[in-house]
Every structure is written in C-alpha cells, then in structure tokens.
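> pasting the sequence and the predicted coordinates here, then a few questions.
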Amino acid sequence: MTLDLALFTILAAAIAASAVGVVVSATIVRSAVFLLFTLIGVAFLYFLLGAEFLGATQLIVYVGGTLVLLVFGGMLTSGGPFTVLKTRTAEWALGVGVAAALFGFLVRVSLTLGEQPTTAGDVPGPGPLGVAFLTSRLLPFEIVSVHLLVVLIGAAYLARAKKKASGG
Amino acid sequence: MVDTLAQYVPQSVAIIIAALVAAGLVFGFIGGAAFLFIWAERKVSGRIQDRLGPTRVGKFGLLQSLADGIKLVTKEDFVPAGADKLLFRIAPYVAFCASFAGFIALPFAEGVVAQSLNVGAFFLLAVLSSEVFGVLLAGYSSANKWSLFGGVREAAQVVSYEVPRSLCVLVPICIAGTLNLNTIAKQQEGWFWNWYLFHDPFTFVAFFIFFIVATASCKRAPFDLAEAESELVAGFLTEYSGMRWSYFFLAEYASMFAVSALAALLFLGGWHTGVLPFEPVDRLGSYAGNLLDVGVFIAKGSLLVLVMMWMRWSLPRLRIDQVMQTCLKYFLPISCGLLVGVCVWQLYVPKIAADATRYVLAGGFVVGTFVTLIAAAKPRPTPQLSGAFAKS
C-alpha cells in the first residue's frame, strides 16, 4: 500500500464520515459545520493530487460560501436558539433511495473512466490556467463573469434599504 | 530533506518524517512567538500607559507568559449549560488550525518552507480567512447574546475586509507575475530600493492599505469589534476559560505574525536585508547564510507585529458602522484604484521614469524615517502638566 493510497483512504473516510454528519445532524448549524469539514476534505484531496490552485480555490470559495450559509441561512432565519430539525421516516426512505441511486450512477460512471491520472509534478500551475482563461477559453470565462456580476447587482438590489412610499 | 532521508528509510516513511519535523518546527515557532509576543504586548501596553508592565517573573518579566500558561492549564474547562457542546469544544481548534495551516506555505528563507506551493500567496489568504469560522462558531455555540454579537460582527467584518486585502495582495503580484512566495521574495534581492514597497507609488500606498486591512482581519484593535470589552463583555470569548481560551490567543498571535510575514514577503523584500551588497548564502555558506536570512525575516515580521501593538494601544476602537464604512467606502475603492494604477504603470511608464520614481521613493522614505526618529528622540522641555492641570 503506497503512501498516496493510505492518505487517500484516510481522507476519503474523513470526508465520508463528515458527509454522513451533514445528513444526520439535528441542528442546521451543525450540518453546516460538517459540510465545511467535507468541503475542506475535498480541498485536501485536490492538494493530494497536486492540483494546488484548485485546492486553494476550493478553500477560499467554499469556506466563505459556507460561512455566509451558516450566518444567513442558519442563524438568522431560525426562530429560536439551536432549532432542531425533525425528519420523518418517509423522508428518510426517499432520501436514502435518491442517494443510493446517485451513488450507483456515479460508481458506474467512474468505473468507465479508465486509467487514474498521474499524480503530482506534471500538473500546470496557475500561469497556463490564466492564459487559457484569457485566450482560448475566453467566452465561457466571460459568460461566468457576467453571470456573477448579474447575481451581485441582483443581491445589492434586493438587500438595499427600501424607500418609504412618499405621502403615506 | 526527503531525498536525504530516503537513502536510509523507504520514501513514504521519509515523507512522513519530513512532514512531522516540519509541523513540529512550525508549531514550536508559533508557540515561541506567541510566548514572546504576549510578553511584548504587555510591556508595550505598559510603557504606552506609563506603567512598567510585568516585572516579577524572570528577567524583565520574560517568563510572565509561562506563569500565565500554568494558570490557564489548571483552570476548569467550563462549558455553559445551554451551549451546543460539540461546537463549543471544537471552535478553538478550528481557529487555531486555520492559523497553523497558513504557516505551511510561508517561506522563512529561500527554500526554508514546510511545503513550497506554486500558489503560496493565494493559499495563505484562503486559510487565514478561515480563522473567522472558529470565532463565529464560538460566538454561536456559547448560547450567549454577547458572544453571538461578537461572532456575527467578526463574520461581517472579515468577509468585507477580505476583498480589499486580496486586492492589495494582487498589486505586488501584478509586478511579480507569480503567486509563489519564494519567487516573489527572490525577485526583490539586492539593495532595498528593489523592494516592491518602492517599486512605484501604487505599491507604496498598497503596503499601508494592506497593513491596515490585515490588522482588521486579525480582529486587532482598533478593529477588535468581535471582542469589544466595553460593549460586549468579552465578545465571542465571554464563555471561554482555561486552555480553550488560550487557543484563541495562540491563533490571534499566530495570524498576526502570518499577515505581517506576508506583508514582509510581498512588499519588504522577504528575507533580504536590503543593505548587504552580497547574498548571505553565497558568502557565509548554506547554514550561516540561511540562519541570517531566517533571522532577518523573523525580525521584519516581528517589527510589523510590534507596530500592530503600538496601533492597538494608541488608537480608540471604531464603531461597527464606522468599521464597515471604512472598508466599503474607502479601502475598497482605493484598492481597486491601486490595482488599475499598477497595471497602467507596468504597461505605459518608461523605464527611466520608473527607476527614478523608485530611487526617489526609497530615498525619501529613508530620509523621512530618520528625520522622524531624530525629531522624536530630541528631549522637549515640557515640565508642565497639560490640560486641566496646566498652570495659567
């Protein structure tokens, strides 16, 4: 058993455990925290594969994203402190069914992918990535940036203070 | 180091040993630095407030942190009855791990780094901003209104200040053309006017903006809204005691040094002295040269940490709306302008003008520093008490 495989096993086990934690946690904030651990674990997987830029991006995007989710989705919308979620048996059955189907599908797809990629060393750094974004992949990059800009403007519009209607 | 070890033990064992040694060194450095910084903080605050600070334990009170540490270890590990116990327990570790992870990519001298990353600067920004998670969790899980206020304030503050901080980091990176911290520092070798601080007027301003914003993202006064003892008891720390409480401080001092070291690497020439006409590694050999480099780097970082302390004890705390206003109305537009400005400078300013600006900036800065120091050192005859005590 190589070191890479051993580290992968440990990481994958940790990711899977915290993913289960997301589902079975009773309070929404705990779920969000387990989600954070899952996402950090995935970032570590990228580092293990030598994709440093992707790993760092995963950290900066998802840590910030989960933070906002935690604050606004979890803490500011709940009615009381430590709101507990109740899950019915039917919901459990449905959830497990969907998850099992998805898992089977993903296993099938990943088994047809063939050779595992070569590890660290020959992964390009952020330089070629940036050049590709601004030359051969310019259109998708611009579409994504305009999309983000639209979201930003929309968020600012929704969040701004509403003007009171004049004259009552 | 891995290659040397691999001659004696299998490759995988060598990697594990190297990783453990690197982690141990980083942990030891953080512990030692926090030990001395806490002592320095108390001494600095004491002197600024016209007191002596700790004097009893050890020479100059140097062992005060040790005495405090023993006290903290023996304290009760307390969890409030209404708290979310799991989150309350892990919050300090989350905060500490984030600061600790930042040091992995921090080069102390050329090649003296736990793990050299091609995207070192980006990675450092990513993990340092995760520290807020520990603070927010601590605030939420304490089941205390003051703690929650502190945590949410911290979240709002860090999420906003992250943006100008990243933009200011981009300014020297635009010149360097790489995210590798090792390479960035190596590009600034030689005399001190090669430092990116003096490269052009935009980087010169960017350094100061970065330093202020970094202070804010370390939740240091005048931006310590998360703690704000005059409003929120102790903010997110209210319910913590003993070792868990001290982990937050370990994390705070570690991230103070991490952002200062990042500033030193990006703007102040990293481990280069800036006044030696040769590279220490070439002339003094690998060990002595690297040791000198590490010493210079730690000295630069610690100097910036001392400036943070000086600011903390000199300036009054901002209100939360003022903190947000400073960031969104001033720092954000300024840093966007700096980024555009440095790109334009790189593209359109002729080399002679750029070099002249560099020497003028560097010379002016040195002369200005000397003049300020001399003016400050000159004793002034002010025997009278000021204000209400003044004799009219």
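Great, that's in hand.
> just the CA trace of the helix or strand harbouring A:Thr38, in CSV.
Element membership of A:Thr38, judged by DSSP states H and E, is helix A:28-48. Extracted as CSV, the C-alpha positions of helix A:28-48 are listed here (Å, rounded to 0.1, in the frame of the first residue of the first chain):
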residue,chain,number,x,y,z
ILE,A,28,-28.8,23.2,11.0
VAL,A,29,-25.6,24.9,12.2
ARG,A,30,-24.0,21.5,13.0
SER,A,31,-24.9,20.4,9.5
ALA,A,32,-23.2,23.4,8.1
VAL,A,33,-20.1,22.7,10.1
PHE,A,34,-20.0,19.2,8.9
LEU,A,35,-20.5,20.5,5.4
LEU,A,36,-17.5,22.7,5.9
PHE,A,37,-15.4,19.7,7.0
THR,A,38,-16.5,17.8,3.9
LEU,A,39,-15.5,20.7,1.6
ILE,A,40,-12.1,21.1,3.4
GLY,A,41,-11.5,17.4,2.9
VAL,A,42,-12.2,17.7,-0.8
ALA,A,43,-9.7,20.6,-0.9
PHE,A,44,-7.2,18.3,0.7
LEU,A,45,-7.9,15.7,-2.0
TYR,A,46,-7.0,18.2,-4.6
PHE,A,47,-3.8,19.0,-2.8
LEU,A,48,-3.0,15.3,-2.6
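> now the element after it, going C-ward?
helix A:52-68.
> send me that following helix as PDB with only the CA atoms.
Taking Å, rounded to 0.1, in the frame of the first residue of the first chain, the C-alpha atoms of helix A:52-68 are listed here in PDB:
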ATOM      1  CA  GLU A  52      -2.800  23.300  -5.700                       C
ATOM      2  CA  PHE A  53      -4.700  26.100  -7.400                       C
ATOM      3  CA  LEU A  54      -7.900  24.100  -7.400                       C
ATOM      4  CA  GLY A  55      -7.400  23.200  -3.800                       C
ATOM      5  CA  ALA A  56      -6.800  26.800  -2.700                       C
ATOM      6  CA  THR A  57      -9.800  28.000  -4.700                       C
ATOM      7  CA  GLN A  58     -12.000  25.300  -3.100                       C
ATOM      8  CA  LEU A  59     -10.900  26.600   0.300                       C
ATOM      9  CA  ILE A  60     -11.400  30.300  -0.400                       C
ATOM     10  CA  VAL A  61     -14.700  29.900  -2.200                       C
ATOM     11  CA  TYR A  62     -16.400  27.200  -0.100                       C
ATOM     12  CA  VAL A  63     -15.200  28.400   3.300                       C
ATOM     13  CA  GLY A  64     -16.500  31.900   2.500                       C
ATOM     14  CA  GLY A  65     -19.700  30.400   1.000                       C
ATOM     15  CA  THR A  66     -20.400  28.100   3.900                       C
ATOM     16  CA  LEU A  67     -19.700  31.000   6.300                       C
ATOM     17  CA  VAL A  68     -22.400  33.000   4.600                       C
END
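> where does the chain have low pLDDT?
No chain was given, so I picked chain A. Counting by pLDDT under 70, chain A contains low-confidence ranges at A:1, A:71-85, A:114-124, A:161-168.
> could you do chain B instead?
Checking chain B against pLDDT under 70 turns up B:1-3, B:5-6, B:228, B:277, B:379-392.
> quick check: residues of it near chain A?
Those residues of chain B that sit near chain A, judged by CB under 8 Å from any CB of the partner chain, are B:11-12, B:15-16, B:82, B:84, B:86-87, B:90, B:117-119, B:122-123, B:125-127, B:129-130, B:132-133, B:136-137, B:140-141, B:143, B:148, B:152, B:155, B:159, B:162, B:178-179. Where you see a C-beta, it was placed from the backbone N, CA and C, and this is true even at glycine.
> other SSEs contacting the helix holding A:Thr38?
helix A:3-24, helix A:52-68, helix B:85-102, helix B:131-141 (3 or more CB pairs under 8 Å, 6 or more residues apart in numbering or on different chains; DSSP states H and E).
> and of those, who's closest to B:Leu306?
helix B:85-102 (18.8 Å; CB to CB).
> picking that back up, give me the contact list for the helix holding A:Thr38.
For helix A:28-48, contacts defined as CB atoms under 8 Å, 6 or more residues apart in numbering or on different chains pick out A:4, A:7-8, A:11-12, A:14-15, A:18-19, A:21-23, A:25, A:52, A:54-56, A:58-59, A:62-63, A:66, A:69-70, A:73-75, A:78, A:82-83, A:85, A:119, B:84, B:86-87, B:90, B:133, B:137, B:140-141.
> so which bits of the helix or strand harbouring B:Leu347 are buried?
Using DSSP H and E, B:Leu347 falls within helix B:332-348. Within helix B:332-348, the residues that count as buried by 16 or more other CB atoms under 10 Å in any protein chain shown are B:332, B:334-335, B:338-339, B:341-342, B:345.
> residues of chain A that sit close to chain B?
By CB under 8 Å from any CB, the residues of chain A that approach chain B are A:2-3, A:6, A:27, A:29-30, A:33, A:36, A:52-53, A:55-57, A:59-60, A:63-64, A:67-68, A:70-71, A:75, A:81-82, A:125-127.
> report the buried members of the residues you listed.
A:27, A:29-30, A:33, A:36, A:52-53, A:55-57, A:59-60, A:63-64, A:67, A:70-71, A:75, A:82, A:126.
> ok so, going back, only the buried residues of the helix holding A:Thr38, if you could.
A:28-47.
> and for stretch B:239-253?
Applying 16+ other CB under 10 Å to stretch B:239-253 flags B:239-240, B:244-253 as buried.
> can you check stretch B:173-187 too?
Buried, per 16+ other CB under 10 Å, within stretch B:173-187: B:173-176, B:178-187.
> from those, which ones fall inside helices?
Using DSSP state H, B:173-176, B:181-186 are the members of these that sit in helices.
> these: which two are farthest apart?
B:Cys174 and B:Asn182 (18.0 Å).
> ok, the nearest residue to B:Phe365 once chain neighbours are set aside - contacts?
Nearest non-adjacent residue to B:Phe365, counting by CB to CB, 6 or more residues apart in numbering or on different chains: B:Phe198, 6.9 Å away. Taking CB under 8 Å, 6+ apart, we find B:Phe198 in contact with B:192, B:204, B:358, B:361-362, B:365.
> can we see that at 10 Å?
By CB atoms under 10 Å, 6 or more residues apart in numbering or on different chains, the contact set of B:Phe198 is B:188, B:191-192, B:204, B:207, B:267-269, B:274, B:357-366.
> what's the distance between stretch A:4-18 and the middle of its chain?
Distance, stretch centre to chain centre, for stretch A:4-18: 17 Å (CA atoms, centre = their mean, to the nearest Å).
> go on, stretch B:341-358?
29 Å.
> mind listing residues that contact it?
B:170-175, B:177, B:193-206.
> and the ones in helices among the buried residues of stretch B:173-187 as JSON lines, adding distance to A:Leu106?
JSON lines is the format used below for those (distance: CB to CB, whole Å):
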{"residue": "B:Ile173", "distance to A:Leu106": "38"}
{"residue": "B:Cys174", "distance to A:Leu106": "41"}
{"residue": "B:Ile175", "distance to A:Leu106": "44"}
{"residue": "B:Ala176", "distance to A:Leu106": "41"}
{"residue": "B:Leu181", "distance to A:Leu106": "37"}
{"residue": "B:Asn182", "distance to A:Leu106": "39"}
{"residue": "B:Thr183", "distance to A:Leu106": "39"}
{"residue": "B:Ile184", "distance to A:Leu106": "40"}
{"residue": "B:Ala185", "distance to A:Leu106": "43"}
{"residue": "B:Lys186", "distance to A:Leu106": "44"}
